[in-house]
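K.L.:
Sharing a model that was predicted from the sequence below.
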Amino acid sequence: MLRSDFRLICATHRDLDAMVEADTFRRDLYHRISTFPIRVPSLAERREDIPLLADSLLQRVSGGRRRRFSEAATDCLRTRSYPGNIRELRNVVERAVILSDSEEIGASHLGAEDTAVAVAAPATDAFVVDQPVSLRELERRYTAWLDDRVRGDRGALARQMGVGMRTVYRKLQRAQGRAAAGREQNVKD
């Protein structure tokens, strides 16, 4: 008999707790791999770390040259949206290194036109209803809005709504079912 001694490290961007509850991920497998879970927050949740991370990435990809970001570039990095998380930040930094000939990397090297889109987003992140709607429709809109705001994190969605994971999945299924039914109706018209 051969014995082995190893440590398994897994990573995912999905909410495995919610998937187990929804029976889309095997419960026994989840309990085998979740001995010591570590949740790493997204860049959106830790914007104050972006300059430090960007500087570290800059030194790694600079090929031995001492480079730095200008204050404007640092501001652009901090306000930019990163749906691709750290990989996207690394790509932005690598592109800036390629585009820059000097020791200082400016906002123009970061694709400031891309950043302008992220900065131009409304400063308030409010849920707005502009006309009377049914309570079901209001709940559907609110659920969709909040789901977008927490970027699909079902655990965060449940905490924000103050409900359990099963309730979140039922509400999302109901909302998606109505949305699909609405699309079918529009196709028929």
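P.N.:
Here it is on my side, so go on.

K.L.:
Next SSE downstream of the worst-scoring helix or strand of the chain on mean pLDDT?
P.N.:
Least confident element among the helices and strands of the chain, by mean pLDDT, DSSP states H and E: helix 112-119 (a mean of 42). Following helix 112-119 in sequence order, the next helix or strand is helix 135-149 (DSSP states H and E).

K.L.:
which helices and strands sit right next to the following helix or strand past that following helix?
P.N.:
Downstream of helix 135-149, the first helix or strand assigned by DSSP H and E is helix 154-161. In this structure, helix 154-161 makes packing contacts with helix 16-21, helix 135-149, helix 165-188, judged by 3 or more Cβ pairs under 8 Å, 6 or more residues apart in numbering; DSSP states H and E. Where you see a C-beta, it was placed from the backbone N, CA and C, and this is true even at glycine.

K.L.:
tell me what the second one is packed against?
P.N.:
Going back to what we said before, that points to helix 135-149. Helix 135-149 sits against helix 154-161, helix 165-188, with contacts defined as 3+ Cβ pairs under 8 Å, 6+ apart.

K.L.:
Rounded mean pLDDT for the first one, please.
P.N.:
The reference is to helix 154-161. If you average the pLDDT over helix 154-161, you get 82.

K.L.:
for stretch 86-102, same thing?
P.N.:
In this model, stretch 86-102 has a mean pLDDT of 90.

K.L.:
where in the chain is pLDDT low?
P.N.:
Low-confidence segments of the chain, defined by pLDDT under 70: 112-127, 177-189.

K.L.:
what's the domain layout of it?
P.N.:
Domains of the chain are assigned by automatic domain parsing as 44-119, 135-188.

K.L.:
Generate CSV for those domains, with mean neighbour count and distance to residue 26 as supplementary columns.
P.N.:
Formatted as CSV, these follow (neighbours: other Cβ atoms under 10 Å; distance: least, Cβ to Cβ, whole Å):
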stretch, mean neighbour count, distance to residue 26
domain 44-119, 15, 26
domain 135-188, 14, 16
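
K.L.:
Work out for me the element the residue nearest to residue 84 when sequence neighbours are not counted sits within.
P.N.:
The shortest distance from residue 84 to any non-neighbouring residue, by Cβ to Cβ, 6 or more residues apart in numbering, is to residue 91 (7.4 Å). Assigned by DSSP H and E, residue 91 belongs to helix 85-99.
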